[in-house]
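**Q** Any chance you could fold what I've pasted below:
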Amino acid sequence: MNQGLLIARLAGVRIRAHWSVLVIAGLLTWGLGVGIPVALPGTAPALAWITAAGGAILLIASLTAHELAHSIVARRRGVQADDITLWVFGGVSHIKTDWQTPRTELLVSAAGPLVTLVVAAVCFGLSFGLAAAGAPDVLVLLLQWLAVANALILVLNLVPAFPLDGGRILRSALWERRHDRSQATITAARIGRAFGFLIVGLGMLDVLLTADFGGLWLMLIGWFIAGAARTEQRAEAVRASLAGAQVAEVMSINPTTVPSWVTVDLFLKHYAAGGRTAYPTNGLDGRVDGLVTVSAVRRVPSPQRSTRRLAEIFIPVATVPAARPDELVTDVLTRVGRTTEGHAFVFDGGRLVGVISPADIGRRIQFGVPKPPPLPTHAPGLPPVA
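**A** Below you'll find the predicted structure:
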């Protein structure tokens, strides 16, 4: 979800827009565009739709300010937060390192709602001031709409349901009181799932009673909250299982390195039988230049496998998460994403010494012990340069 078009960089934070943000922008424009003539009969259609589009942009900007507040406070507290993604459910700040302390989570979680409160208050104040000054009714209405919308966002975010901001504030408080992060997460996540299912139920009831589109939207929001709470609870269970574990204890050492110039067909014949889901690749100079996944290889059509080389389908080394042997596994997991299918390289002094894969993580969680002996550094019978 951190994919998207880069639209701005503020305070060292990259702001990206996922394509789905167009959906919420369209819905906001439509709702406001239809509502303005009802609230202000006689408003010119062109003025109503221009105002509605402007309102949608301003509301999305206020959501961005909310998320930016999270990221700025996180960075000041030593937590890596370099990206924000705007999407159909608003926005998300990508927190890439651990909270470390409940106070840090509290301050970061509260920053967003505080900014939203300020935005709502400013919009309310401006609407009253401009109305008293005789400003155009459509401008006053727009400010009132922004104020109400931000107030609703504030109320929703402060519900103590994980992973909403209110739920994170609740978890930080429980964490501080009980000195047990895992139990605090379980409690907050259970409340989050219950709240999500409640929203789903209200949405279903709305659909049954009114056949209104808003009910479907409530159902989607509820499913998202419930699913996110469950995901956060599982992630916390993984974090607790890996607490204190260093990368060197989990990684597969001396992984088989595959020449990036070999064809897909040669790879499947000479390397894929190794049983791993991804392999580092090296160029003609012997340096690691990428990561090739078995799933990407198998997606190559059979007729092309004898001519296409791994260099055409691998993931460049610059985009593969890198770790150090003495780093905590829980910190590395925050940098691993879908692009590399959960894999990361481990370097020591610039030399590749291991690879972390989902299988390595799963083995550590299940057995709590290091992996089997390392794989050979070179596969037998290295094929000639093709």
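
**Q** For the helix or strand containing Ala237, buried residues please.
**A** Using DSSP states H and E, Ala237 sits within helix 213-241. By neighbour count with 16 or more other CB atoms under 10 Å, helix 213-241 contains the buried residues 215, 218-219, 221-222, 225-226, 228-230, 232-233, 235-236, 238-239, 241. Bear in mind the C-beta positions are built from the backbone N, C-alpha and C, glycine included.

**Q** what comes up buried for whichever strand or helix holds Val73?
**A** Per DSSP H and E: Val73 is located in helix 45-76. Residues 48-49, 51-53, 55-56, 58-60, 62-75 are the ones in helix 45-76 that count as buried (16+ other CB under 10 Å).

**Q** ranges for the strands of the stretch 201-350 of the chain?
**A** Counting by DSSP state E, counting those that start in this stretch, the stretch 201-350 of the chain has strands at residues 252-253, 258-259, 278-282, 288-293, 315-316, 322-323, 344-348.

**Q** Pass me the low-pLDDT residue ranges in this protein, would you?
**A** 1-3, 211-214, 273-275, 368-386 (pLDDT under 70).

**Q** Show me it divided up by domain.
**A** Taking automatic domain parsing as the criterion, the chain consists of the domains 5-241, 247-367.

**Q** Correct me if wrong: Ser241 contacts Arg364.
**A** Yes: taking CB atoms under 8 Å as the definition, Ser241 is a contact partner of Arg364 at 7.5 Å.

**Q** Bridging across strands, which residues link to Arg351?
**A** Asp348 (DSSP bridges).

**Q** Quick check: the gap between it and Trp261.
**A** Distance from Arg351 to Trp261, counting by CB to CB, to the nearest Å: 21 Å.

**Q** Equivalent analysis for Val250, please.
**A** Val250 is 31 Å from Trp261, by CB to CB.

**Q** Give me the more crowded residue out of these two.
**A** Using other CB atoms under 10 Å, the more surrounded residue of Val250 and Trp261 is Val250, with 22 against 16.

**Q** The helix or strand containing Val118 packs against which elements?
**A** Using DSSP H and E, Val118 sits within helix 102-132. Other helices and strands packing on helix 102-132, by 3 or more CB pairs under 8 Å, 6 or more residues apart in numbering; DSSP states H and E, are helix 45-76, helix 137-157, helix 165-178.

**Q** Identify the residues contacting the nearest residue to Phe314 once chain neighbours are set aside.
**A** Distances taken as CB to CB, 6 or more residues apart in numbering place Gly290 nearest to Phe314, at 3.6 Å, with adjacent residues excluded. Residues near Gly290 by CB atoms under 8 Å, 6 or more residues apart in numbering: Ser260, Pro280, Thr281, Leu310, Ala311, Phe314, Ile315, Pro316, Val317, Val320.

**Q** Isn't the fourth one up against Val262?
**A** So the one you mean is Leu310. Yes: applying CB under 8 Å, one finds Leu310 in contact with Val262, separated by 6.0 Å.

**Q** more neighbours, these two?
**A** The neighbour comparison of Leu310 against Val262 (other CB under 10 Å) goes to Leu310, with 25 against 22.

**Q** what's the distance between the more buried one and Gly35?
**A** Taken as CB to CB, the span from Leu310 to Gly35 is 56 Å.

**Q** quick one: secondary structure of Gly134?
**A** coil (DSSP: H, G, I helix; E, B strand; the rest coil).

**Q** what's the burial count for it?
**A** 8.

**Q** contacting residues for Leu130?
**A** Leu130 sits next to Leu139, Val140, Leu143 when contact means CB under 8 Å, 6+ apart.

**Q** Run the chain-centre distance for the helix holding Val73.
**A** Helix 45-76 sits 19 Å away from the centroid of its parent chain (CA atoms, centre = their mean, to the nearest Å).

**Q** change the start of the numbering to 24 and stick with it
**A** Sure, I'll start counting at 24 from here, so that last one is helix 68-99.

**Q** wait, what's in contact with the closest residue in space to Leu181 that isn't next to it in sequence?
**A** Nearest residue to Leu181, sequence neighbours excluded (CB to CB, 6+ apart): Gly189, at 4.2 Å. Gly189 sits next to Pro136, Asn180, Leu181, Val182, Pro183 when contact means CB under 8 Å, 6+ apart.

**Q** roughly how far apart are Leu130 and Ser264?
**A** 27 Å.

**Q** whoops, I mixed them up, Ile336
**A** 33 Å.

**Q** Equivalent analysis for Gly135, please.
**A** When Gly135 is compared with Ser264 (using CB to CB), they lie 30 Å apart.

**Q** and if you look at Ile384?
**A** Where Ser264 is concerned, Ile384 sits at a distance of 9 Å (CB to CB).
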